[in-house]
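Colleague: how would this look folded up:
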Amino acid sequence: MELRMPTPEQLRTVYAADLKESFPASELKPLRAIEQMWADGRYYPWCLFDGDEIVGTCFLWMGHPGWALLDYLCVSSRRRNGGIGAVILEKMLEREQGSIILGESEAPIHAPDPAMAERRLGFYARNHARMAGYDTEMFGAHYKTLYWAAAPVSDERLMEEHRFIYQSQFSPERYARYVQIPRDPLAGPPCQVPWDE
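Modeller: Numbers count the residues shown, from 1 in each chain. Predicted coordinates for the structure are as follows:
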């Protein structure tokens with residue numbers, strides 16, 4: 001299996017067939033935004049190929065050099081529960097060796113399916129993710145913050161780079177309205193809104 005960039009047509013197919021099926025509208029960027037960010041060099045839509053078949057994806061939103069956010073990790077519905085997710089992460093970390101990769105995973109306390117959210121966090125922990133000491137809220141979705149790095153990184157440094165990634169894409173007004181890094185730990189359940197509202 002090989003992790004490589006798709007063609008624009010393959011990206012559109014993966015978006016329609018896998019991402020739309022796997023992520024709620026409130027968490028899914030519009031395809032046009034992904035395509036534009038990719039064209040601008042700020043987004044790497046890595047795909048895992050098994051021969052000619054795309055069996056999974058890990059989309060990275062690039063920040064400062066040496067920093068990125070794992071925006072989407074998705075295994076094709078045809079290949080789930082076979083260890084593909086772990087292979088994707090392993091190959092992504094090889095490709096991005098030396099970088100610090102941030103991640104966001106739904107917080108079980110406010111997830112529609114708390115057990116599934118717990119399983120996701122367990123999957124990331126088994127695949128070498130470290131847990132940051134702060135949560136985030138994006139478009140009304142509450143996330144735990146994860147990261148992959150060779151050594152521990154302070155929350156202050158993580159938050160600085162985490163904020164930069166969103167601030168580089170959003171206007172100050174949009175950022176202030178939809179992004180909380182960190183999320184207030186005393187805040188109640190959020191109200192989700194679509195990413196492209």
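Colleague: center of the chain - which residue?
Modeller: In the chain, the residue lying closest to the centroid (C-alpha atoms, centre = their mean) is residue 71, at 2.1 Å.
Colleague: what's the distance between that residue and residue 153?
Modeller: The spacing between residue 71 and residue 153, counted by C-beta to C-beta, to the nearest Å, is 19 Å. Quick note: C-beta positions are derived from backbone N, CA and C, even for glycine.
Colleague: ok, now residue 10?
Modeller: Applying C-beta to C-beta, the value for residue 10 to residue 153 is 34 Å.
Colleague: go on, residue 176?
Modeller: Applying C-beta to C-beta, the value for residue 176 to residue 153 is 25 Å.
Colleague: so which bits of the lowest-mean-pLDDT helix or strand in the chain are buried?
Modeller: Within the chain, no helix or strand scores below helix 20-22, which has a mean of 91 by mean pLDDT, DSSP states H and E. Going by neighbour count (16 or more other C-beta atoms under 10 Å), the buried part of helix 20-22 is residue 22.
Colleague: and what of stretch 119-128?
Modeller: Neighbour count says stretch 119-128 has 120, 121, 124, 127 buried, by 16+ other C-beta under 10 Å.
Colleague: keeping just the C-alphas, turn it into CSV.
Modeller: Taking C-alpha atoms only, stretch 119-128 is exported to CSV below (Å, rounded to 0.1, in the frame of the first residue of the first chain):
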residue,chain,number,x,y,z
ARG,A,119,-13.3,4.1,20.8
ARG,A,120,-11.9,6.8,18.5
LEU,A,121,-9.8,8.2,21.3
GLY,A,122,-8.6,4.7,22.2
PHE,A,123,-7.6,4.1,18.5
TYR,A,124,-5.6,7.3,18.4
ALA,A,125,-3.9,6.5,21.8
ARG,A,126,-2.9,3.0,20.4
ASN,A,127,-1.5,4.8,17.4
HIS,A,128,0.9,7.0,19.4
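Colleague: which residues sit against that stretch?
Modeller: 85-86, 89-90, 93, 103, 105-106, 108, 131, 144, 146, 148 (C-beta atoms under 8 Å, 6 or more residues apart in numbering).
Colleague: hang on, the earlier thing: tabulate the buried residues of stretch 119-128 (JSON lines), appending distance to residue 38, pLDDT and secondary structure.
Modeller: As requested, the buried residues of stretch 119-128 are arranged in JSON lines below (distance: C-beta to C-beta, whole Å; pLDDT from 0 to 100; DSSP: H, G, I helix; E, B strand; the rest coil):
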{"residue": "120", "distance to residue 38": "25", "pLDDT": "95", "secondary structure": "helix"}
{"residue": "121", "distance to residue 38": "28", "pLDDT": "98", "secondary structure": "helix"}
{"residue": "124", "distance to residue 38": "24", "pLDDT": "98", "secondary structure": "helix"}
{"residue": "127", "distance to residue 38": "25", "pLDDT": "97", "secondary structure": "coil"}
